[in-house]
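A.B. asks: generate a structure from the sequence data that follows.
(chains A and B)
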Amino acid sequence: MSWETLLDPMFRIPFAAGLLVALVLPMLGVLLRLRDEWLAALGFAHLAGASGLIGMAAGIPVVLGASLGALAGALLKSLGHFRGNTVYVLMILVGWAATLLVAANTALGSMMGHALVEGQLYFASTAHLISALVYTVLAIILLSRMIPVLVRARMFPGLEIPHRHVTWWSHLGFDVLVALGMALGTSTLGLMGAFALVFVPPWLAFRWASHWRACLAISVGLGVLAYILAFAVALLWDQPFGPTLVAVLLVLASLALVRGDVSGGRRRPPPASG
Amino acid sequence: MTPEPLLVANGLVAGYKEPVVGPFSIAVGVGEVVGLWGANGSGKSTLLRAIANRARIFAGTLEHSSRLTLAWQMQQPVRLDEMPLNGHDYLRYARADRVAPPARLAPWLDRRIDALSGGQFQLLAVWAILGGRSDLVMLDEPTNNLDPGSEQLLVEMLRSEQGHRAALVVSHERQFLDQACSRIFELGE
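C.D. replies: Modelled structure (predicted):
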């Protein structure tokens, strides 16, 4: 274990690329949780993993290949008018089967399949960093406009009747944003690492936050904290990054369980008058 | 003087696979609070759904300005298991900023809405609709979960100046409608 490793210039680009992804994914996760669609992120991640591998076989860069698969999933979800979680489970199954079959039948696929599952952050390139930077800026700009529409559509479905076209574009735009985010996350942090960032910080933030902005801030803060801790732990103890990130997030969740904030759930008062 | 009509229904028959309500005729004018009363299953909520373009119109006409803005509070306001929004967030996202909320709601605004009682949340949800700027407000069974005191506050909210808009209120509680509305239509007569 060498602390100097942490300051090695070789790891600056991977660190920055992952940090940007860790900033955005928890924010998307808050909205996914509010919309009860967090399973969509896992579906997009599986499709991104599979299409990233298939794209590589066709000579397409992994970030682009992953994005195409995730985008196809987003369009299917938005235009297909599916109800419930069925479509997300089908995405997971299709993505999982395709990933493992491609990995089993090609040498490069086998190597990259492991990389996508384990999250080989340290191989993130300048292309990853530029993609992450452009995506983060775009996501922050778009989310600032989309959040009011998405929250209103979820909480007050009777208020958006005259503006359904605006709402529809925001729903589609959000799906595309999640798909691209998961593609970027899967190709940099690994499939489960990206999903954990979408799921765990918002889960805790929903329990702790006293208001909406605090929920977004706590979620992003936990995501970034977990990412930095995982980066250091994985580098110092030479561990695969994806599982390390998931483990760190689970430790944070366990601490919350010990505090008793999460285990029993927030008690809703009885529907008495008040 | 007859108020300027915002919505006119003539011989309206509405439903889903089959007709549920009608034929029904009504004109709702600016500044009015109109009650719809009837027994369970008389089609009160279906009528609101038809106005909101969420039910099928089988016969008759429904006329309103193409620029009419509509706010509809459904019978069960959306209440998730976990909602990390406080009362201020809730009203901000509803754009309920036409006038300040009633003083009775003030102590609840700093609390998370999933920590409010059923009655407190119901009043806040009604205000989220009434406090907005829509031309036509539709409330479906707004007295759900309310005790007599809260019901009286709701009456006061509805009787206060509605400005250049109208309210259509569905309820099975006749006494509440008598107190809150300027006119009452009975369905299933």
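A.B. asks: show the average pLDDT along the helix or strand harbouring A:Ala205.
C.D. replies: According to DSSP states H and E, A:Ala205 maps onto helix A:191-208. Mean per-residue pLDDT for helix A:191-208: 93.
A.B. asks: next, the buried residues of the helix or strand following it.
C.D. replies: As assigned by DSSP H and E, the chain's next helix or strand after helix A:191-208 is helix A:212-236. If you call a residue buried by 16 or more other C-beta atoms under 10 Å in any protein chain shown, then helix A:212-236 has these buried ones: A:212, A:214-216, A:218-220, A:222-224, A:226-227, A:229-232, A:234-235. Backbone N, C-alpha and C define where each C-beta goes, glycine included.
A.B. asks: swap in stretch A:50-60?
C.D. replies: Buried residues in stretch A:50-60 (16+ other C-beta under 10 Å): A:50-56, A:60.
A.B. asks: contacts for that stretch, please.
C.D. replies: For stretch A:50-60, the external contacting residues (C-beta atoms under 8 Å, 6 or more residues apart in numbering or on different chains) are A:61-66, A:68-70, A:72, A:94-96, A:98-99, A:102-103, A:106, A:108-109, A:112-113, A:116, A:183, A:186-187.
A.B. asks: if you set the cut-off to 6 Å instead, what comes out?
C.D. replies: A:62, A:65-66, A:68-69, A:95, A:98-99, A:102, A:109, A:112, A:187 (C-beta atoms under 6 Å, 6 or more residues apart in numbering or on different chains).
A.B. asks: ok, so of these, who is nearest chain B?
C.D. replies: Nearest to chain B among the contacts of stretch A:50-60, counting by C-beta to the nearest C-beta, is A:Gly95 at 28.2 Å.
A.B. asks: name the nearest residue to that closest one, sequence neighbours excluded.
C.D. replies: A:His46 (2.6 Å; C-beta to C-beta, 6 or more residues apart in numbering or on different chains).
A.B. asks: residue contacts, A:Leu68?
C.D. replies: Counting by C-beta under 6 Å, 6+ apart, A:Leu68 touches A:Ser51.
A.B. asks: picking that back up, give me the subset of the contacts of stretch A:50-60 lying in helices.
C.D. replies: Secondary structure from DSSP state H places A:62, A:65-66, A:68-69, A:95, A:98-99, A:102, A:109, A:112, A:187 of the contacts of stretch A:50-60 in helices.
A.B. asks: what about chain B, any weak spots by pLDDT?
C.D. replies: B:1-3, B:161-163, B:189 (pLDDT under 70).
A.B. asks: what parts of it come near chain A?
C.D. replies: Contacts of chain B with chain A, taken as C-beta under 6 Å from any C-beta of the partner chain, map to B:52, B:69-74, B:78, B:82, B:84-86, B:89, B:93-94, B:117-120, B:145-147, B:150.
A.B. asks: quick revisit: can I get the ones in helices among the contacts of stretch A:50-60 in a markdown table with pLDDT?
C.D. replies: Formatted as a markdown table, the ones in helices among the contacts of stretch A:50-60 follow (pLDDT from 0 to 100):
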| residue | pLDDT |
| --- | --- |
| A:Val62 | 75 |
| A:Gly65 | 82 |
| A:Ala66 | 81 |
| A:Leu68 | 85 |
| A:Gly69 | 83 |
| A:Gly95 | 88 |
| A:Ala98 | 87 |
| A:Thr99 | 82 |
| A:Val102 | 81 |
| A:Gly109 | 66 |
| A:Met112 | 65 |
| A:Ser187 | 82 |
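A.B. asks: of those residues, grab the buried ones for ChimeraX.
C.D. replies: The buried subset of these, as determined by 16+ other C-beta under 10 Å, is captured in ChimeraX by this line:
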select /A:62,65,66,68,69,95,98,99,102,109,112,187
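A.B. asks: max pairwise distance over the ones in helices among the contacts of stretch A:50-60: which two?
C.D. replies: Using C-beta to C-beta, the pair of the ones in helices among the contacts of stretch A:50-60 lying farthest apart is A:Leu68 and A:Gly109, separated by 16.7 Å.
A.B. asks: quick one: the residue nearest to A:Gly95 from B:Gly22, how far?
C.D. replies: For A:His46, the distance to B:Gly22 equals 49 Å [C-beta to C-beta, to the nearest Å].
A.B. asks: those two: which has the busier surroundings?
C.D. replies: A:His46 (28 against 21; other C-beta atoms under 10 Å in any protein chain shown).
A.B. asks: so the more buried one makes contact with A:Val94?
C.D. replies: No: counting by C-beta atoms under 6 Å, A:His46 sits too far from A:Val94 to count as a contact (7.3 Å).
A.B. asks: what pLDDT, on average, does the helix or strand containing A:Arg12 get?
C.D. replies: Per DSSP H and E, A:Arg12 falls inside helix A:12-34. Averaged over helix A:12-34, pLDDT sits at 94.
A.B. asks: and the next element down the chain from that helix?
C.D. replies: On the C-terminal side of helix A:12-34, the nearest following helix or strand under DSSP H and E is helix A:38-57.
A.B. asks: so is the helix holding A:Ala205 next to chain B?
C.D. replies: Yes: residues of helix A:191-208 contacting chain B under C-beta under 6 Å from any C-beta: A:Phe206.
A.B. asks: could you give the angle of that helix to helix A:38-57?
C.D. replies: Counting by axes from the mean of the first three to the mean of the last three C-alpha atoms, to 10 degrees, helix A:191-208 lies at 160 degrees to helix A:38-57.
A.B. asks: who does helix A:191-208 touch, helix- and strand-wise?
C.D. replies: With contacts taken as 3 or more C-beta pairs under 6 Å, 6 or more residues apart in numbering or on different chains; DSSP states H and E, helix A:191-208 sits against helix A:12-34, helix A:38-57, helix A:164-189, helix A:212-236, helix A:241-259.
A.B. asks: which one of the residues in chain B is closest to chain A?
C.D. replies: For chain B, C-beta to the nearest C-beta, closest residue to chain A: B:Gly118, 2.9 Å.
A.B. asks: report the beta-bridge partners for the residue nearest the centre of chain B.
C.D. replies: Centroid-nearest residue in chain B: B:Leu139, 1.4 Å away (criterion: C-alpha atoms, centre = their mean). With DSSP bridges as the criterion, B:Leu139 is bridged to B:Gln73, B:Val169.
A.B. asks: show me where chain B has strands.
C.D. replies: B:5-15, B:19-29, B:33-37, B:56-64, B:70-73, B:136-140, B:166-171, B:183-186 (DSSP state E).
A.B. asks: format those as JSON lines; extra columns: distance to B:Ile129.
C.D. replies: Below are the strands of chain B laid out as JSON lines (distance: least, C-beta to C-beta, whole Å):
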{"stretch": "strand B:5-15", "distance to B:Ile129": "16"}
{"stretch": "strand B:19-29", "distance to B:Ile129": "16"}
{"stretch": "strand B:33-37", "distance to B:Ile129": "13"}
{"stretch": "strand B:56-64", "distance to B:Ile129": "18"}
{"stretch": "strand B:70-73", "distance to B:Ile129": "5"}
{"stretch": "strand B:136-140", "distance to B:Ile129": "6"}
{"stretch": "strand B:166-171", "distance to B:Ile129": "9"}
{"stretch": "strand B:183-186", "distance to B:Ile129": "20"}
